[in-house]
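1. sharing a model prediction with you, sequence too.
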Amino acid sequence: MKRFILPALGLFALAPTAALAKDEAVKRFEHDGATYSYTVTQVGDTRVISGVEERTGKPFTLRVGQHRVRGTVGSQQVSFTLRDVEPLKIEPTTLASR
């Protein structure tokens, strides 16, 4: 289970989040042939990442604290340290150019 979620967390586990942001737009990423869509919300000092693996419909909810990630993937409980998270290697995207 970690092999699917840990790399995904690299995208946003350590990224700064605006303190006053409420709900953000749905984001998507692909990993090992699976497409995931998710939203990130801030609840106090904890980021809550809620989403679904689009092909199977398997939901996940992760609570990212200062040192640890806890949550559920489908019906399975997960818990791991942020040290275990490996960032995904993503090609830079040019949004606009002149």
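-> That came through fine. Numbers count the residues shown, from 1 in each chain.

2. quick one: the strands in the chain?
-> Applying DSSP state E to the chain gives strands spanning 27-31, 34-43, 46-53, 59-64, 68-73, 76-81.

3. other SSEs contacting the longest one?
-> For strand 34-43, the elements it packs on are helix 2-12, strand 27-31, strand 46-53, judged by 3 or more Cβ pairs under 8 Å, 6 or more residues apart in numbering; DSSP states H and E. In this view, the C-beta of every residue, glycine as well, is placed from N, C-alpha and C.

4. count the neighbours of D84 for me.
-> D84: 11 surrounding residues under other Cβ atoms under 10 Å.

5. so K27 touches V40, yeah?
-> Yes - shown here, K27 and V40 form a contact pair, counting by Cβ atoms under 8 Å, at 7.5 Å.

6. the two: who's more crowded?
-> Neighbours per residue (other Cβ under 10 Å) separate K27 from V40, with V40 holding more: 22 against 14.

7. let's have the strands of the chain in CSV, adding distance to P87 and mean pLDDT.
-> Converted to CSV, these look like this (distance: least, Cβ to Cβ, whole Å; pLDDT from 0 to 100):
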stretch, distance to P87, mean pLDDT
strand 27-31, 12, 84
strand 34-43, 15, 91
strand 46-53, 15, 93
strand 59-64, 14, 94
strand 68-73, 14, 93
strand 76-81, 15, 94
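
8. the closest residue to P59 other than its chain neighbours: neighbour count?
-> Spatial nearest neighbour of P59, excluding adjacent residues (Cβ to Cβ, 6 or more residues apart in numbering): V52 at 5.0 Å. Here the count is done by other Cβ under 10 Å, and V52 has 15 residues near it.

9. surely V52 meets T35?
-> No - applying Cβ under 8 Å as the test, V52 and T35 come out as separate, 9.7 Å apart.

10. bridging residues for V69?
-> The residues listed as beta-bridge partners of V69 by DSSP bridges are V64, F80.

11. many thanks, have a good one.
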